[in-house]
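Asker: coordinates only, sequence not included:
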């Protein structure tokens with residue numbers, strides 16, 4: 001069955017049968033069910049919002065999932081998803097879906113500044129305020145969404161250059177320290193990290209807020225400089241260039257004015273990833289970051305794409321995170337796990353593919369591309 005249910009000039013949502021999803025029958029639905037079921041644990045404090053699907057219907061399904069065993073066998077989990085959800089392919093601007101990847105870095109660090117660990121990650125400053133872009137303070141660009149509160153009213157917050165030059169010094173905002181400014185920079189891009197502390201133990205940190213300035217990918221900066229070739233600006237290539245050019249690295253990184261603030265976010269199960277925007281820990285290869293203004297957290301999404309090595313990736317994933325660069329109805333960012341190996345895959349991931357939203361049966365998905 002293919003029924004176009006919400007066509008527009010820029011967006012088409014097409015109802016499908018599960019038989020049209022390549023690899024659906026062989027999927028490990030039990031792992032997807034476990035990732036989905038975790039959303040029930042935060043329903044009372046963080047209920048889903050009705051963006052792409054009916055939030056009330058989705059919450060009801062999450063409660064039913066929570067009443068089932070967590071270790072549901074694949075065939076039972078598949079029956080659950082098929083009974084509760086109907087698949088709809090989303091095609092935007094006449095093209096296919098597009099998928100990138102992200103991961104959780106693991107680095108050494110310290111809760112106190114030392115000669116070795118001298119680069120800080122910061123807590124949220126008390127003068128950082130969020131505002132509604134629909135009614136921004138006078139004189140501020142509504143695209144910022146964050147500002148610095150002063151006696152004379154809100155102004156643009158300090159950017160990366162100003163903060164690294166000492167704009168926040170002396171305020172006790174340092175959360176943890178790492179050795180390499182490049183590591184810290186990529187933690188900002190990933191929005192989370194696992195830090196092996198010199199004092200012993202592990203610290204998990206996660207995104208808490210940002211300065212509000214637009215994100216600028218430094219891969220593009222390096223291409224424009226002629227330092228890297230277009231199509232070869234992978235994360236590994238960028239890191240190698242920064243390491244080989246320490247005198248220029250800081251200047252290049254400061255071209256990205258966006259600056260991230262962190263919070264400590266312990267995770268009970270060390271096998272899982274960091275706590276994400278949906279307030280549940282991410283699952284390797286099962287958690288998907290989506291456009292939070294268009295999609296409802298906790299929704300299942302069927303992804304058909306290819307990995308950097310050319311292997312097919314056909315997976316039922318759960319919308320559990322977001323990111324400032326993840327914009328559009330058929331845009332997804334795949335969480336590949338923690339550590340360097342996951343980072344190598346994530347840093348090279350940039351593939352077209354199929355974005356199929358699973359909506360609660362009896363309701364129609366509504367993905368509005370107007371921002």
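Answerer: That came through, no problem. Remember, predicted model here, so these are calculated numbers, not experimental data.
Asker: all helices for the protein, in order.
Answerer: Counting by DSSP state H, the segments of the chain that form helices are 29-37, 55-66, 74-84, 160-162, 181-190, 218-225, 235-244, 246-253, 340-348.
Asker: The third one relative to helix 55-66, how many degrees between them?
Answerer: Put simply, helix 74-84 runs at 160 degrees to helix 55-66, going by axes from the mean of the first three to the mean of the last three CA atoms, to 10 degrees.
Asker: what's across from the closest residue to residue 57 other than its chain neighbours in the sheet?
Answerer: With sequence-adjacent residues excluded and distances taken as CB to CB, 6 or more residues apart in numbering, residue 57 is closest to residue 360, at 3.7 Å. Backbone N, C-alpha and C define where each C-beta goes, glycine included. For residue 360, the beta-bridge partners under DSSP bridges are residue 85.
Asker: Pretty sure residue 360 sits against residue 84.
Answerer: Yes - counting by CB atoms under 8 Å, residue 360 touches residue 84, with 6.6 Å between them.
Asker: Overlap in contacts, these two.
Answerer: Here residue 360 and residue 84 share the contacting residues residue 61, scored by CB atoms under 8 Å, 6 or more residues apart in numbering.
Asker: that older thread, and among the helices of the chain, the most buried is which?
Answerer: helix 29-37 (a mean of 23; mean count of other CB atoms under 10 Å).
Asker: Return the list of helices and strands in contact with that one.
Answerer: helix 55-66, helix 74-84, strand 312-321 (3 or more CB pairs under 8 Å, 6 or more residues apart in numbering; DSSP states H and E).
Asker: Would you mind putting those into TSV with mean pLDDT and distance to residue 141 alongside?
Answerer: Listed next are these as TSV, based on pLDDT from 0 to 100; distance: least, CB to CB, whole Å:
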stretch	mean pLDDT	distance to residue 141
helix 55-66	97	31
helix 74-84	98	42
strand 312-321	97	26
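Asker: now these as TSV including distance to residue 184?
Answerer: Below are the helices and strands packed on helix 29-37 laid out as TSV (distance: least, CB to CB, whole Å):
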stretch	distance to residue 184
helix 55-66	36
helix 74-84	39
strand 312-321	21
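Asker: Out of these, flag the one nearest residue 293.
Answerer: Proximity of these to residue 293 was assessed by CB to CB; the nearest stretch is strand 312-321, lying at 12.5 Å.
Asker: next one: that closest one to chain centre, how far?
Answerer: With CA atoms, centre = their mean, to the nearest Å as the basis, strand 312-321 stands 12 Å off its chain's centre.
Asker: Once you drop chain neighbours, what's closest to residue 307?
Answerer: Nearest residue to residue 307 in three dimensions, chain neighbours excluded: residue 313, at 5.2 Å (CB to CB, 6+ apart).
Asker: correct me, but that neighbour touches residue 304?
Answerer: Yes - using CB under 8 Å, residue 313 is in contact with residue 304, at 7.5 Å.
Asker: hey, what's in contact with both of these two?
Answerer: residue 353.
Asker: The two: who's more crowded?
Answerer: Neighbours of residue 313 and residue 304, each counted by other CB atoms under 10 Å, are more numerous for residue 304; the result is 21 against 18.
Asker: quick one: the residue lying closest to residue 225 once chain neighbours are set aside from residue 344, how far?
Answerer: The shortest distance from residue 225 to any non-neighbouring residue, by CB to CB, 6+ apart, is to residue 252 (7.8 Å). From residue 252 across to residue 344, the span is 21 Å (CB to CB, to the nearest Å).
Asker: Below-threshold pLDDT in this structure: ranges please.
Answerer: Along the chain, segments meeting pLDDT under 70 span 1-9, 133, 369-371.
Asker: Let me see the domain layout of it.
Answerer: Following automatic domain parsing, one finds the domains of the chain at 3-101+272-360, 104-264.
Asker: Could you measure from residue 187 over to residue 43?
Answerer: Residue 187 is 30 Å from residue 43, by CB to CB.
Asker: can you map out the strands along the stretch 151-300 of the chain?
Answerer: Here the stretch 151-300 of the chain has its strands, by DSSP state E, counting those that start in this stretch, at 153-155, 174-178, 192-197, 202-210, 260-264, 287-289, 300-306.
Asker: Show me the one of the helices of the chain that comes nearest residue 125.
Answerer: Set against residue 125 and scored by CB to CB, the helices of the chain come closest in helix 160-162, at 12.2 Å.
Asker: Spit out the contact partners of the residue nearest to residue 225.
Answerer: 218, 221, 222, 225, 242, 245.
Asker: could you list every residue that touches the spatially closest residue to residue 125 that is not a sequence neighbour?
Answerer: Using CB to CB, 6+ apart and skipping residues adjacent in sequence, the residue nearest residue 125 is residue 173, 5.9 Å away. Counting by CB under 8 Å, 6+ apart, residue 173 touches 120, 122, 123, 124, 125.
Asker: sorry, back to before: looking at strand pairing, list the partners for the residue nearest to residue 307.
Answerer: residue 305.
Asker: Next, find the distance separating it from residue 111.
Answerer: For residue 313 relative to residue 111 (CB to CB), the value is 38 Å.
Asker: Run through the residues that contact the nearest residue to residue 199 once chain neighbours are set aside.
Answerer: Once flanking residues are discounted, residue 199 sits nearest to residue 111: 6.1 Å by CB to CB, 6+ apart. Shown in contact with residue 111 (CB under 8 Å, 6+ apart): 176, 177, 197, 199, 203.
Asker: Could you report the separation of the fourth one from residue 74?
Answerer: Pointing back at residue 199 there. Going from residue 199 to residue 74 by CB to CB gives 42 Å.
Asker: ok, the closest residue to residue 40 other than its chain neighbours - contacts?
Answerer: Nearest residue to residue 40, sequence neighbours excluded (CB to CB, 6+ apart): residue 66, at 3.6 Å. By CB under 8 Å, 6+ apart, the contact set of residue 66 is 37, 40, 41.
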